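Novice: Coordinates for the following, if possible.
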Amino acid sequence: MSNHVLIGDTAVRGHKYKGRWRLDERDIRKAGERLAALPFDPDDLVDARLTSAERDQTWRTQIRRWLEHFSYRDQNTDSCPCEGQQPRSQALPAHHGPGCGATFEQVKERYGRWPIACTSPLPQMTWSGTAWMMPRAYVALLDRADKIAAECVEQAAQCSRCDATGDVWKWRTSSNSGYTTLCPACTVSVARPYKDHLRGRLYASLLKNSQPEAFLCRLCSSPRQAVYWDHCHMHGFVRGPVCASCNTYEGGGYRFIHRPGAVRHLLRCDGCRRDRTVPPRHHPDIMLQTFTLDPHRPCAKRPHSAWGSVQEDGSVRFRMRCWGCASSPQWEQVVPAVQVRQLVQEFVDKALAAEADEPGQDSA
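Specialist: Below you'll find the predicted structure:
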């Protein structure tokens, strides 16, 4: 949520130009030279304290997540050797470090190139038999990088107009020129509620200076300045102004319809209202609300998790998992396209009926 990129313990400021982030090459070279000059003794090792109980976003918690995620995936594929067939926490590593059946070489193969502060931490790690060890100078470097990152976030949490400090995740939003921080009071002074004046208009017909940033995001619960005109990619109709976060969330599809007002927003497209549908990326979530998936045959339990994907013919394929069965923990089920269309139409009909029943709501 900052305009900066960390290269070692140096924060390099980014600039957004024509919708793309850019870094000044001179700043990159200077930060790289500082990093290369770091005194570094690979044999001077210290305990990296990766098993500490800290909850904040730090380089330690990031590495722990890599280890835990790989172990989880390894257990899911080869079954868990621990008692009860339940996932094991990396707070209790096995003799080789990662815990359960995974090896550190496998973890490095998967995450070895993943950076923290533009450095590669996993190749610097050694398992002593009881703790993860890393070079002292490198641990100190990452600690400094964490401190600088926290300072950048603290600065990002300040309103750019009145200097008030608040929740960076609620006040901070992406814009065409970079990230912008505005408190609710300042936001409503520069943007106004959207009154559906573009209802029924095609996105392709909008002028370039239509200025979505003049309006508040119609999906956020607290005032947030909009950045884009959200529109239906199936029918082309404008749905309304949204911030960058909500635009990304809707575009991804997953669990978007669970948000308050999300279904109503999707149905601001006149084409979707007419056809009694919503974009296909939202169909798997509708199926999870309207269709009962079969239990796992070996144990008759409901799926622990279910991930749906829309197929070319319009059907939805669910991949499901069950921790209770080590022999066959995964299975699939397909909801036919005809049934998907029917359930989506019924879902939309209920949403339109609920909207019509609300005072002051049109039923167009």
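Novice: Check which element follows the helix or strand bottoming out on mean pLDDT in the chain along the chain.
Specialist: Least confident helix or strand of the chain, by mean pLDDT, DSSP states H and E, is helix 59-78 with a mean of 77. Using DSSP states H and E, the helix or strand that follows helix 59-78 in sequence is helix 104-111.
Novice: List the buried residues for that following helix?
Specialist: If you call a residue buried by 16 or more other CB atoms under 10 Å, then helix 104-111 has these buried ones: Phe104, Val107, Lys108, Arg110, Tyr111. Where C-beta positions appear, they are placed from N, C-alpha and C, glycine not excepted.
Novice: And the fourth one, how far from Gly32?
Specialist: Pointing back at Arg110 there. For Arg110, the distance to Gly32 equals 26 Å [CB to CB, to the nearest Å].
Novice: Okay, helices next: where are they in the stretch 101-250 of the chain?
Specialist: 104-111, 136-156, 168-171, 184-190, 244-252 (DSSP state H, counting those that start in this stretch).
Novice: Tell me if I'm right that Gly200 and Cys269 touch.
Specialist: No: contact criterion CB atoms under 8 Å: Gly200 and Cys269 do not qualify, at 9.5 Å.
Novice: Find residues that contact each of the two.
Specialist: Phe237 (CB atoms under 8 Å, 6 or more residues apart in numbering).
Novice: And the strands in this protein, which stretches?
Specialist: Secondary structure of the chain (DSSP state E): strands at 4-7, 10-17, 20-23, 45-47, 126-127, 132-135, 172-175, 178-181, 228-231, 238-242, 305-310, 316-321, 330-335.
Novice: from the buried residues of helix 104-111, which single one is nearest Gln342?
Specialist: The closest of the buried residues of helix 104-111 to Gln342 turns out to be Arg110 (CB to CB; 41.7 Å).
Novice: just to revisit the earlier point, among the helices of the stretch 101-250 of the chain, which comes closest to Cys217?
Specialist: Closest among these, using CB to CB: helix 244-252, at 5.7 Å.
Novice: Could you list the low-confidence segments of the stretch 151-300 of the chain?
Specialist: 298-300 (pLDDT under 70).
Novice: OK, contacts around the nearest residue to His233 once chain neighbours are set aside?
Specialist: With sequence-adjacent residues excluded and distances taken as CB to CB, 6 or more residues apart in numbering, His233 is closest to Pro279, at 6.7 Å. Pro279 makes contact with Cys232, His233, Met234, Gly253, Leu266, Cys272 under the criterion CB under 8 Å, 6+ apart.
Novice: contacting residues around the nearest residue to the fifth one once chain neighbours are set aside?
Specialist: With CB to CB, 6+ apart as the criterion, Leu266 has its nearest non-adjacent residue at 4.7 Å, and that residue is Val278. If you count contacts by CB under 8 Å, 6+ apart, Val278 has them with Ile257, Val263, Leu266, Leu267, Cys272, Ile286, Val344, Val348.
Novice: need the contact list for Val238.
Specialist: Val238 neighbours (CB under 8 Å, 6+ apart): Leu198, Arg199, Arg201, Leu202, Tyr203, Leu206, Trp229, Asp230, His231, Arg268.
Novice: still on that earlier bit, next, format the buried residues of helix 104-111 as TSV and append pLDDT.
Specialist: Compiled in TSV, these are given as follows (pLDDT from 0 to 100):
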residue	pLDDT
Phe104	83
Val107	85
Lys108	88
Arg110	87
Tyr111	89
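Novice: Looking at the contacts of Pro279, which two lie furthest apart in space?
Specialist: Gly253 and Cys272 (14.2 Å).
Novice: In contact with Ile7, which residues?
Specialist: Ile28, Ala31, Gly32, Leu35, Ala117, Cys118.
Novice: how close does Met287 get to Gln106?
Specialist: 35 Å.
Novice: cool, Leu266 as well?
Specialist: Leu266 is 42 Å from Gln106, by CB to CB.
Novice: Over to His233?
Specialist: Taken as CB to CB, the span from His233 to Gln106 is 40 Å.
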